[in-house]
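Visitor: this one's sequence-less:
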């Protein structure tokens, strides 16, 4: 039986140094088309993540979230925000801030550091993008086929 897995090559570290490393996603696939679809999800998520952290960015974080919110990989755990203050509020505070002065926005952490991958059976699996972080830089993602051949996307 052919089994596919995705290998992530990235840099990680701390304030004192960094190192290049590789890790495999916990999921494996028997359907190559689903593995390829997940590679595209990883690519699109990382492009959004990089755009959010770019110094001179053409779009705000909220605009980037809005542009990607409908994509199947996007993790949208809505939080309630007061529009005028831009801060998170509790449900009980809706009346205090007034009608039209609150909205639901994606949770920053979940949207930036998590994504949804697809399993062979079609189930959606949320996972942490361990290659995203202050000290992390994604180099590539590869589909490894029975530890032999590979398909690769470099960043």
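Guide: On my side now, so go ahead. Computed from a predicted model, the values in this text were never measured in an experiment.

Visitor: can you give me the strands for the protein?
Guide: 4-14, 17-29, 78-82, 87-88, 102-106, 114-118, 124-128, 137-145, 149-154 (DSSP state E).

Visitor: right, so those: which one is the most enclosed?
Guide: Ranked by mean neighbour count, those are led by strand 114-118 with a mean of 21 (mean count of other CB atoms under 10 Å). (C-beta placed from N, C-alpha, C; glycine too.)

Visitor: need the residues that contact that strand.
Guide: 25, 27, 34, 37-38, 41-42, 45, 72-75, 124-129 (CB atoms under 8 Å, 6 or more residues apart in numbering).

Visitor: quick one: average confidence on the lengthiest helix in the chain?
Guide: Taking DSSP state H as the criterion, the chain has its longest helix at helix 32-53. Mean pLDDT, helix 32-53: 96.

Visitor: quick one: list the elements packing against it.
Guide: When contacts are defined as 3 or more CB pairs under 8 Å, 6 or more residues apart in numbering; DSSP states H and E, helix 32-53 sits against strand 4-14, strand 17-29, helix 61-68, strand 114-118, strand 137-145, strand 149-154.

Visitor: try 7 Å
Guide: The elements that helix 32-53 packs onto, with contact taken as 3 or more CB pairs under 7 Å, 6 or more residues apart in numbering; DSSP states H and E, are strand 4-14, helix 61-68, strand 114-118, strand 137-145.

Visitor: low-confidence ranges, this structure, go.
Guide: 147-155 (pLDDT under 70).

Visitor: run a quick neighbour tally on residue 91.
Guide: 8 (other CB atoms under 10 Å).

Visitor: for the spatially closest residue to it that is not a sequence neighbour, give its distance to residue 41.
Guide: Spatially, and ignoring its direct neighbours in sequence, residue 91 is nearest to residue 80 (6.3 Å; CB to CB, 6 or more residues apart in numbering). According to CB to CB, to the nearest Å, residue 80 stands 27 Å off from residue 41.
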